[in-house]
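Chemist: my questions concern the predicted model and sequence given below.
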There are 2 protein chains.
Amino acid sequence: MFPFKYYAPTRVLFGRDTELRVAEMIQLFGGKKVLIHYGRGSVLRSGLMQRVTDTLEAAGIDYVMLGGAVPNPRLSLVYKGIELCKAEGVDFLLAVGGGSAIDSAKAIGYGVYNGGDVWDFYDRKRVAAGCLPLGVILTLSATGSEMSDSSVITKEEGLIKRGYSSDYGRAKFAIMNPELTMTLPDYQTACGCADIMMHTMERYFSGSGTMQLTDAIAEGLLRTVMENAEILLRDPNNYDARAEVMWAGSLSHNGLTGCGSDGGDWMTHKLEHELGGLYDVAHGAGLTAIWGSWARYVYRDCLPRFRKFAVNVMNVEPTGTDEAIALKGIEATETFFRRIHMPTNLRELGVNPTEAELADMARKCAMGVGGAKGSARLLHEADMLAIYRASL
Amino acid sequence: MFPFKYYAPTRVLFGRDTELRVAEMIQLFGGKKVLIHYGRGSVLRSGLMQRVTDTLEAAGIDYVMLGGAVPNPRLSLVYKGIELCKAEGVDFLLAVGGGSAIDSAKAIGYGVYNGGDVWDFYDRKRVAAGCLPLGVILTLSATGSEMSDSSVITKEEGLIKRGYSSDYGRAKFAIMNPELTMTLPDYQTACGCADIMMHTMERYFSGSGTMQLTDAIAEGLLRTVMENAEILLRDPNNYDARAEVMWAGSLSHNGLTGCGSDGGDWMTHKLEHELGGLYDVAHGAGLTAIWGSWARYVYRDCLPRFRKFAVNVMNVEPTGTDEAIALKGIEATETFFRRIHMPTNLRELGVNPTEAELADMARKCAMGVGGAKGSARLLHEADMLAIYRASL
């Protein structure tokens, strides 16, 4: 087991009607003037925002609002949020939505707290010394950003998508009411389940080290998400299934599923980031479109773990060669992705990059990871290009 | 899934030599004058304390020391610690040891912060409004107190053992170096593994609700602890096995294994508390001595979960009636306890209470839980007495 640090201080309130406790939570952390940050308005239409602002007003908490966070959230909105916070004297951020609103809010928080150009953090030019305190009301189970230390922002100029991780960016509280996710379109629910799985799988497919408890947690989490993703396709209002997926989303990315690992692989995410920057596809769908090609490219270099994954997660019979078992596991994963209507290649994702675009993505991806990255197998630019080509 | 809150803010540093970072961690939380609280001197003899104090001195952190915390830690030492902290102006507590030192330090922290008689909290007469900040260097994997909100103290007068839980008592940091547990006697290692299992099982055997992810985590944790407990009997210096057990100990009791449950059962713990107060037995051994009798008394009222436990944790073949499967699971658990040399009744534990003493324990236990308690089955004083008798 590799040494690790684990720090997941977010206070979670989980269950029906927990959004009504938002004022109490903000007051616990001393918030007096709140920026409520949200996405494209579904939280207004659903009535959630009204309940939230009613609760804040009843508690005498002042607020301003900023909507417009989109999937692959944009740097320009972050800049706008930073200016708004400064102009209004905001001392607390409340993200109401999914990963887009949360990640955008984290970036706003870094910008307000640290001054200067917030893109510096995402561009690896500076390290944040703090962040405005942030709370979350979660409406989409996917990115795990509600408990994670990470955020991902896309710079419009050059369509560059970059992540930044810091413990300062961990939310003070996360309010999780599974009912709030019931109105999601099936496609978004499935994308979210795929994203949750991939956060766990990126950590699982590490090239070295042994992790028995962490593996058991990861495998249980993956089986739970798969079973409940299928239930939700048939029965979107199933509270318990929504709840299992929602809690899995937080645990998949708060650090728990990586304790004792070598840090994990993360190359499927890195490859998808370039795709998401260029095409603005749903993150979860981008991940499943890439994963199979990545897995087939690297599995021989990480055979024990691909075998373990096949048997313990995908229920593959442990007979035959390790290689055959591992391959069956990859196939079963892709079959599952198709069953929840997720793409397993770029064509199914609906994008058709030219060879020049593939080369450009590989170049930007290699640049973004400092040349080479990957634990299951170390990938250089040529490997990245080969995987992009295989995923067409 | 029942609503829940989850809050486990402790910063964990896990791995070899992490104790050398203790000064840095204390400074992170502003500690300037530290009370180092420990047990019966093994941390002095092992050289650990020298490394700790060298590290503090190099960082210019002032400290005083108080040893003497014993299993079932005593209220009199807590009072002594409170006076010492007040006299010396202590602003940070560092527990170096296992659950005894940590729980005793938590009680000292409540006493210093809140004033008045600290036993009031354990006696349910007051609620703490805070606690001195506390850090832990863990040397025994067992109670999970390094990440939990709970502490258990025994009042010598009347031999009353009571727990108190509050988020204020959660450690700011926990330093976990699995190597520090290698010198433990086999019996203590096994007692610790039993305690870790029981923290998970108390939450698992709840009479209502569904928890799929939480169950998968709990089942994986139990299988991991069982496998590594047996490895450690053969190979006490196995780092990875020590590491798996140590991390399992923290996760078993930080709240994770109870998310979405109805709160769990906890009656084995409550029954053992009276035993531990009266006979000063090792907590883990007291738990295994009681558990089988408790399980046979209640399993029919909680059949689905006893069945699931038998199949998913104890590898019982899922054939035959649910009752037969559940009973086989109970038998397999007791067989495992014996395999790691843990007692499965009071005789094997080495105590032989009179009927009057059994009645007294049942009376005190019922009083301690406010008359009746239990989720797998609600137990009253007569039920408690029946379980004590069955465990002779």
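Modeler: In hand now; what should we look at? Numbers count the residues shown, from 1 in each chain, chains lettered A, B, ... in the order given.

Chemist: out of everything not next to it in sequence, what's closest to A:V313?
Modeler: Nearest non-adjacent residue to A:V313, counting by C-beta to C-beta, 6 or more residues apart in numbering or on different chains: A:L222, 4.7 Å away. The C-beta positions use only the backbone N, C-alpha and C, and glycine is treated the same way.

Chemist: dump the residue contacts of the one you found.
Modeler: A:M197, A:T200, A:M201, A:V313 (C-beta atoms under 8 Å, 6 or more residues apart in numbering or on different chains).

Chemist: buried members of these into PyMOL, please.
Modeler: Entered in PyMOL, the line below selects the buried ones among these, by 16 or more other C-beta atoms under 10 Å in any protein chain shown:
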select buried, chain A and resi 197+200+201+313
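
Chemist: could the contacts of A:L222 be laid out in TSV, adding pLDDT, secondary structure and distance to B:L232?
Modeler: Formatted as TSV, those follow (pLDDT from 0 to 100; DSSP: H, G, I helix; E, B strand; the rest coil; distance: C-beta to C-beta, whole Å):
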residue	pLDDT	secondary structure	distance to B:L232
A:M197	98	helix	33
A:T200	97	helix	28
A:M201	97	helix	30
A:V313	98	coil	28
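
Chemist: could you dump the contacts of A:L222 to JSON lines with distance to A:A356?
Modeler: Putting these into JSON lines (distance: C-beta to C-beta, whole Å) gives the following:
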{"residue": "A:M197", "distance to A:A356": "32"}
{"residue": "A:T200", "distance to A:A356": "34"}
{"residue": "A:M201", "distance to A:A356": "30"}
{"residue": "A:V313", "distance to A:A356": "37"}
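
Chemist: now do the helices in the stretch 101-250 of chain A.
Modeler: A:119-122, A:186-204, A:212-234, A:239-253 (DSSP state H, counting those that start in this stretch).

Chemist: chain B contacts on the stretch 151-300 of chain A?
Modeler: Counting by C-beta under 8 Å from any C-beta of the partner chain, the stretch 151-300 of chain A comes close to chain B at A:178, A:210, A:212-217, A:219-221, A:223-224, A:227-228, A:239-240, A:243-244, A:247-248, A:251, A:256, A:259-260.

Chemist: what about 7 Å?
Modeler: A:210, A:212-213, A:216-217, A:220-221, A:223-224, A:240, A:243-244, A:247-248, A:259-260 (C-beta under 7 Å from any C-beta of the partner chain).

Chemist: which one of those residues is nearest to B:K86?
Modeler: Ranked by distance to B:K86 (C-beta to C-beta), those are led by A:C259 at 38.4 Å.

Chemist: residue contacts, that closest one?
Modeler: Going by C-beta atoms under 7 Å, 6 or more residues apart in numbering or on different chains, A:C259 touches A:F4, A:Y6, A:T214, B:W247.

Chemist: B:G220 versus the spatially most central residue of chain A, what's the distance?
Modeler: Compute the mean C-alpha point of chain A, and by C-alpha atoms, centre = their mean the closest residue is A:T143, 2.4 Å away. As judged by C-beta to C-beta, to the nearest Å, A:T143 and B:G220 stand 24 Å apart.

Chemist: circling back: which of the residues of the stretch 151-300 of chain A next to chain B are buried?
Modeler: For these, a burial check counting by 16+ other C-beta under 10 Å picks out A:212-213, A:216-217, A:220-221, A:223-224, A:240, A:243-244, A:247-248, A:259-260.

Chemist: pull the most distant pair out of these.
Modeler: Spanning the widest gap among these are A:D240 and A:G260, at 30.2 Å by C-beta to C-beta.

Chemist: what residue ranges in chain A are flagged as low confidence?
Modeler: Regions of chain A meeting the criterion pLDDT under 70 are absent.

Chemist: now for the residues of the stretch 151-300 of chain A next to chain B: which two are most distant?
Modeler: Taking C-beta to C-beta, the two most distant members of these are A:T210 and A:D240; they sit 33.4 Å apart.

Chemist: can I get the helices of the stretch 101-250 of chain A in JSON lines including distance to A:S104?
Modeler: Formatted as JSON lines, the helices of the stretch 101-250 of chain A follow (distance: least, C-beta to C-beta, whole Å):
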{"stretch": "helix A:119-122", "distance to A:S104": "12"}
{"stretch": "helix A:186-204", "distance to A:S104": "17"}
{"stretch": "helix A:212-234", "distance to A:S104": "25"}
{"stretch": "helix A:239-253", "distance to A:S104": "17"}
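
Chemist: so which of the ones you listed comes closest to B:V34?
Modeler: helix A:212-234 (31.4 Å).

Chemist: next, the buried residues of stretch A:347-366.
Modeler: Across stretch A:347-366, burial judged by 16+ other C-beta under 10 Å covers A:348-349, A:351, A:353, A:357-362, A:364-366.

Chemist: which ones are touching whatever residue of the stretch 51-200 of chain A ends up closest to chain B?
Modeler: Relative to chain B, the nearest point of the stretch 51-200 of chain A is A:P178 (7.9 Å; C-beta to the nearest C-beta). By C-beta under 7 Å, 6+ apart, the contact set of A:P178 is A:Y239, A:R242, A:A243, A:M246.

Chemist: which of these lies closest to chain B?
Modeler: For the contacts of A:P178, the nearest to chain B is A:A243 (4.2 Å; C-beta to the nearest C-beta).

Chemist: how close does that closest one sit to A:A190?
Modeler: Using C-beta to C-beta, A:A243 is found at 17 Å from A:A190.
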